[in-house]
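S.K.: one predicted model, sequence on top.
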Amino acid sequence: MPKITLNGVTVDFPFQPYKCQEEYMTKVLECLQKKVNGVLESPTGTGKTLCLLCTTLAWREHLHDAISARKIAARAQGELFPDRALSSWGNAASDGDGDNTACYTDIPKIIYASRTHSQLTQVISELRNTSYRPRVCVLGSREQLCIHPEVKKQESNHMQIHLCRKKVASRSCHFYNNVEEKSLEQELAAPILDIEDLVKSGNRHKLCPYYLSRNLKQQADIIFMPYNYLLDAKSRRAHSIDLKGTVVIFDEAHNVEKMCEESASFDLTPHDVASGLDVIDQVLEEQTKVAQQGDLLLEFSADSSSSGLNMELEDIAKLKMILLRLEGAIDAVELPGDDNGVTKPGSYIFELFAEAQITFQTKGCILDSLDQIIQHLAGRAGLFTNTAGLQKLADIIQIVFSMDPAEGGPSSMVGPGVSQSYKVHIHPDTSHRRTAQRSDAWSTSAARKQGKVLSYWCFSPGHSMRELVRQGVRTLILTSGTLAPVSSFALEMQIPFPVCLENPHVIDKHQIWVGVVPKGPDGAQLSSAFDKRFSDTCLASLGKALGNIARVVPHGLLVFFPSYPVMEKSLEFWRAQDFARKLEALKPVFVEPRSKGGLSEVMDAYYSTVASPGASGAVFLAVCRGKVSEGLDFADTNGRGVIVTGLPYPPRMDPRVVLKMQFLDEMKGQGGARGQFLSGRDWYRQQASRAVNQAIGRVIRHRHDYGAVFLCDHRFSYADARAQLPSWVRPHVKVYDGFGHVIRDVAQFFRIAQKTAHRSTLSLLSEKRPLDEQRGGRKKIRLVSGQEGPAASAQAGRAKLFMVAVKQALSQASFDTFARALQDYKGSDDFEALVACLHPLFAEDPKKHSLLQGFYQFVRPHHKQRFEEVCIQLTGQGCGYQPEHSLPQRQGAPPALDPSGEQGPTLSGPSKSDPEGRREFDPKLTLSQGAARQLDPGEHLNQGRPHLTSRPSSAGVSSSRPQEKSGAPRAERQGQPAVSAYLADARRALGSAGCSRLLAALTTYKRDDDFEKVVAVVAALTTERPEDLPLLQRFSMFVRPHHKQRFRQTCAALTGPPVPGTDTEPPGPWEGSPAVPPDPTHGAPGPGPSQLDKPGRTQSKISSFFRQRPVGGAGSPSRPPGAPRGHAQSEWGL
């Protein structure tokens, strides 16, 4: 993997990063090194996740190395590094700033947070594709991780929590009991496990995944968790998350503002209070009966510790009184007659709770009592054991009294911060739940009235952000594809963000089309404004526009509405007016469900329809800010177009929206010239633009994707609305006057995009050819025998299916890594490097083992047997290897053909069990012809041509090695056997590691023409033993003409006699072909050891040579066989 150095830190990246990726990583390092916060926006498809992981982990390794250097240097008093200043190892090695990073345990942990566990699973998958192997922990809830059958059956998360605690306290959960014994086993601590892997390991080893993850957290280098585990103080305490000195990353941070506010807010309904009272009544009645049975009191007391209930009847009665008083205090608030509710300052919540005797002084006792009752009822079934109301009350008390009164007493909490950041809103309960009727003496008349909802809303996301800083976080990094405008986003957080970035996209202008469509085909104005959105004219015009756009957009088309009611009303109108039927005739229509439960089935059906052979695609109707608008992947054919049908402003008359805008206006007015707050109006517009930007992000998902964006609302034609679009979109926006021009331009865009799509996949392959041509290399002209048959066509089709399967199984970054590995293998024939790259992609996940076995079809004949052994070792199954598969291609079946008639990547011969020379691969998928064309393996492998085979041609057989023309010099055609023979001898003499170093030096020499460097490596490898000296002399065949004389002099200096036969040797590859020599580990059979006489040599001559030509570490002894190959590769620059 390429290594790049940024800000003094070496980052190991899976492929050569794009410029915008380097810029992104530089900004991340700036945050880490300067201990400052950053807001970084980079569009979807630019590899944010990969950049974040590689950069932060490289920085940790750099810090680790710096501390090591400092310790070693301190012990050796500078003797080991006399020529290198300690400062070159980084700050930790040179400055003793408070000994903050004086030892390894002080190296900051990385906390990586995203919105959902499914997003975190994708992040962990990306981590597996890097070269980094940190100690990893992923935190989850009992709902996701518990494997105890009884606990899993509980309906609510809080009931699972309390039943789990009950069993853990009584040591009655054998899964938990096994954790301490097995949690440090290598199989559990070493691999990178996601939530699903944790559960599988827990079931396999019979131990609790939930407590296992908590144990792994102690030693983890990087911890993955959802947002709310960080933002919610209660969750932080529950999971024992220590933030002091950590680096916290919020990925998909466009949701952070909302999550910060929601984690600090609540709505307490009459139903919550009533259900809590019902449960307390039940417990009170139960415990009263027990207390009346005097002979069972002793037994009850003995059992109370195990049941979790250790409360006096008086305490239970007090708890009931507290709830009744709270209910009465809320009901006593006078409301205006218009059902709008009443708003009070945030500090009013303390007055209200004080009436119910809930204060800083009493909260501890109340919370303990609530917790005991909930845990006492855990595991019970029945209508009156629903403890959700009590649990909600406990959570609410923790939110209200979240800060420690010791920091300034209760009075500090009632200060301006809470008064302004929070608002108390009390309004009538409009839900259809009926409050339970209680007829006992404790009940209040309020229970028979319409209830009131108590809302306590936080309007400052900075409240949670400042709390994280107060907890000691070293660096906060917020990143997403849709944070624009970044400046105002940073203002909302109310903590300093010195580092900001708005990255461009990696795509070219021909890959994106963005048009503002203010009018439909009938000339009617398109608008989602409140007064127009449901008009027949507007709905009809939008339906006609959608039908016309669906005709010209190939494959998948996404349509986003401002809200569920707008989508449902539009669909209802279109069905009534026959628009829906006409649209269905063009493309099947799928609709996002309101409930999360049915989404996966709808999505699967949509993907299957788009991928069906011969299908015209599909239309997916979804909602901005909904489940489909973020987190779901619509790459390539799944999303060629996105239609945004309006600006999704929040509901203008919603009390929470009104109060938020008032809060921002108040803060802005108090901020004066500093302007540290948005205005309410700016925030309102920003909410709409962020939702639009998130929907737009569905269309371009990776470097080679392309698609069109339709902004179907006349308000997008205003300059201020377009200014809110992402920076990478703005340059491409065009406002149209007429609908006809929209269809014309879109049709032309897709014609061009589809033509260039295939070329874009060849971008990796085209990098090498210009360099060859600059250095005098000849263009390769392939001679095709013209023998094309059904077997070849079948092989090509199977190869295409394989590539599609790989594309769907891997992330885009992983697929790019896979394509580069294939290209590198084509050029270097380095089998070990190929296997090292395939291992993390396919071997670690059992679901991808079939893909590793299916790769057999791309392996060169002389590597097939070794690949079979590798597959057996990694997956337990072979690839159907037969000895005849190792024959050169011309002795077996003809190469497979791609759809264009080019020879495909098939390289093996036939066998009885596999007449086409290939093990059958069943990717178990359906795909469209367009998808197959886009992933044509011919394009990934230089059109699949047979020059993947590097063996020499047999006499009389049309050679697969490209020639410029039939009249090429005969010496050139004869040179390849000598090269193969030399490399075969080198492998026998030097071993695999030494031969790989030789090939690496040769490749570098070809690239930079550095004679001193290559000769130092070759001399070091071939002069350790007298019998290897002929390899040094025969190396002359690779030396370029202008270096021949110097090479003779070097050989003479090292060995004495001149090199015989230098002028008559066959020309090397530098003189005849730009191709790299075959793999030294498996070169073609050639003559035995050279018949040249072995000249004598003296150690003094060799020593004097190295004294004359010091070349750093290039001449160091060959790498020991046990050394990791990955490090060697990166050191040699392959």
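M.R.: The structure has been received and is ready for your questions.

S.K.: residue nearest the middle of this structure, spatially speaking?
M.R.: V123 (3.3 Å; Cα atoms, centre = their mean).

S.K.: now do the buried residues in the longest helix anywhere in the chain.
M.R.: Taking DSSP state H as the criterion, the chain has its longest helix at helix 970-1008. Going by neighbour count (16 or more other Cβ atoms under 10 Å), the buried part of helix 970-1008 is 972-973, 975-987, 989-1006. For every residue, glycine as well, the C-beta is placed using N, CA and C.

S.K.: give the rounded mean pLDDT of that helix.
M.R.: What helix 970-1008 shows for mean pLDDT is 76.

S.K.: residues of the next helix or strand after that helix that come out buried?
M.R.: Using DSSP states H and E, the helix or strand that follows helix 970-1008 towards the C-terminus is helix 1011-1022. Across helix 1011-1022, burial judged by 16+ other Cβ under 10 Å covers 1011, 1013-1022.

S.K.: got these as JSON lines, with pLDDT and distance to P648 columns?
M.R.: Formatted as JSON lines, the buried residues of helix 1011-1022 follow (pLDDT from 0 to 100; distance: Cβ to Cβ, whole Å):
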{"residue": "F1011", "pLDDT": "83", "distance to P648": "65"}
{"residue": "K1013", "pLDDT": "80", "distance to P648": "61"}
{"residue": "V1014", "pLDDT": "83", "distance to P648": "63"}
{"residue": "V1015", "pLDDT": "81", "distance to P648": "67"}
{"residue": "A1016", "pLDDT": "78", "distance to P648": "65"}
{"residue": "V1017", "pLDDT": "81", "distance to P648": "63"}
{"residue": "V1018", "pLDDT": "84", "distance to P648": "67"}
{"residue": "A1019", "pLDDT": "79", "distance to P648": "70"}
{"residue": "A1020", "pLDDT": "76", "distance to P648": "67"}
{"residue": "L1021", "pLDDT": "82", "distance to P648": "66"}
{"residue": "T1022", "pLDDT": "81", "distance to P648": "71"}
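
S.K.: and which of those residues is nearest to A695?
M.R.: K1013 (53.5 Å; Cβ to Cβ).

S.K.: just give me the neighbour total for D737.
M.R.: Close neighbours of D737, defined as other Cβ atoms under 10 Å, add up to 10.

S.K.: assign it to helix, strand or coil.
M.R.: coil (DSSP: H, G, I helix; E, B strand; the rest coil).

S.K.: my guess is T46 contacts Y24. True?
M.R.: Yes - if you go by Cβ atoms under 8 Å, T46 and Y24 touch, sitting 7.3 Å apart.

S.K.: okay, and the common contacts of the two?
M.R.: The contact sets of T46 and Y24 overlap at N503 (Cβ atoms under 8 Å, 6 or more residues apart in numbering).

S.K.: still on that earlier bit, orientation of the longest helix of the chain relative to helix 1011-1022 in degrees?
M.R.: Orientation check (axes from the mean of the first three to the mean of the last three Cα atoms, to 10 degrees): helix 970-1008 against helix 1011-1022 gives 110 degrees.

S.K.: now for helix 970-1008, which elements pack on it?
M.R.: helix 1011-1022, helix 1029-1034, helix 1069-1072, helix 1125-1132 (3 or more Cβ pairs under 8 Å, 6 or more residues apart in numbering; DSSP states H and E).

S.K.: alpha carbons of the longest one, as CSV, please.
M.R.: What it means is helix 1011-1022. Only the C-alpha atoms of helix 1011-1022 are listed here, as CSV (Å, rounded to 0.1, in the frame of the first residue of the first chain):
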residue,chain,number,x,y,z
PHE,A,1011,22.5,2.9,-11.6
GLU,A,1012,24.1,3.3,-8.2
LYS,A,1013,21.0,2.2,-6.3
VAL,A,1014,20.3,-0.9,-8.4
VAL,A,1015,23.9,-2.1,-8.4
ALA,A,1016,24.2,-1.7,-4.6
VAL,A,1017,21.2,-4.0,-4.1
VAL,A,1018,22.4,-6.5,-6.7
ALA,A,1019,25.9,-6.6,-5.3
ALA,A,1020,24.6,-7.1,-1.7
LEU,A,1021,22.5,-10.0,-2.8
THR,A,1022,25.0,-11.8,-5.1
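
S.K.: picking up where we left off before, ok, the residue nearest to the centre of the chain - contacts?
M.R.: 49, 53, 112, 114, 224, 251.

S.K.: if you set the cut-off to 7 Å instead, what comes out?
M.R.: 49, 112, 114, 224, 251 (Cβ atoms under 7 Å, 6 or more residues apart in numbering).

S.K.: tell me the mean pLDDT over the helix or strand hosting L390?
M.R.: Take DSSP H and E as the rule and L390 turns out to sit in helix 388-400. The average pLDDT within helix 388-400 is 88.

S.K.: where do the strands of the stretch 651-800 of the chain begin and end?
M.R.: For the stretch 651-800 of the chain, the strands defined by DSSP state E, counting those that start in this stretch occupy 707-711, 733-735.

S.K.: what of the stretch 451-600 of the chain?
M.R.: Going by DSSP E, counting those that start in this stretch, the stretch 451-600 of the chain shows strands at 452-458, 475-480, 499-502, 512-516, 556-561, 589-591.

S.K.: tell me which residues of the helix or strand that contains I373 are tucked away?
M.R.: In the assignment (DSSP H and E), I373 maps to helix 363-377. Buried residues in helix 363-377, counted by 16+ other Cβ under 10 Å: 363, 366-367, 369-377.

S.K.: same question for stretch 696-708.
M.R.: 696-708.

S.K.: likewise stretch 55-66?
M.R.: 55-63, 65-66.

S.K.: so, low pLDDT: which residues of the stretch 601-750 of the chain?
M.R.: 631, 671-676 (pLDDT under 70).

S.K.: same thing but at 80, please
M.R.: Along the stretch 601-750 of the chain, segments meeting pLDDT under 80 span 629-633, 670-678, 703.

S.K.: again with the stretch 751-900 of the chain
M.R.: 756-802, 804-805, 807-809, 811-813, 816, 827, 844-847, 873, 876-877, 880-900.

S.K.: what about the helices in it?
M.R.: 768-774, 790-809, 812-828, 831-838, 849-854, 864-875 (DSSP state H, counting those that start in this stretch).

S.K.: make a markdown table out of those helices and add distance to A394 and mean neighbour count.
M.R.: A markdown table is the format used below for the helices of the stretch 751-900 of the chain (distance: least, Cβ to Cβ, whole Å; neighbours: other Cβ atoms under 10 Å):
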| stretch | distance to A394 | mean neighbour count |
| --- | --- | --- |
| helix 768-774 | 65 | 13 |
| helix 790-809 | 45 | 21 |
| helix 812-828 | 43 | 21 |
| helix 831-838 | 52 | 21 |
| helix 849-854 | 48 | 21 |
| helix 864-875 | 50 | 18 |
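
S.K.: so which of those helices gets nearest A723?
M.R.: So among the helices of the stretch 751-900 of the chain, helix 812-828 is nearest, using Cβ to Cβ, at 29.6 Å.

S.K.: quick one, phi/psi of N7?
M.R.: Note on N7: its backbone torsions stand at phi 50, psi 40 [degrees, to the nearest 10].

S.K.: run through who's touching stretch 198-214.
M.R.: Residues outside stretch 198-214 that contact it (Cβ under 7 Å, 6+ apart) are 137-140, 142, 145-147, 173, 175-176, 178-179, 182-183, 188, 193.

S.K.: which two in the contacts of V123 are spaced the farthest apart?
M.R.: Most distant of the contacts of V123, by Cβ to Cβ, are T49 and F224, 11.5 Å apart.

S.K.: those two - which one has more neighbours?
M.R.: Neighbours of T49 and F224, each counted by other Cβ under 10 Å, are more numerous for F224; the result is 28 against 23.

S.K.: how about L6, what does it touch?
M.R.: L6 touches 22, 25-26, 29, counting by Cβ under 7 Å, 6+ apart.
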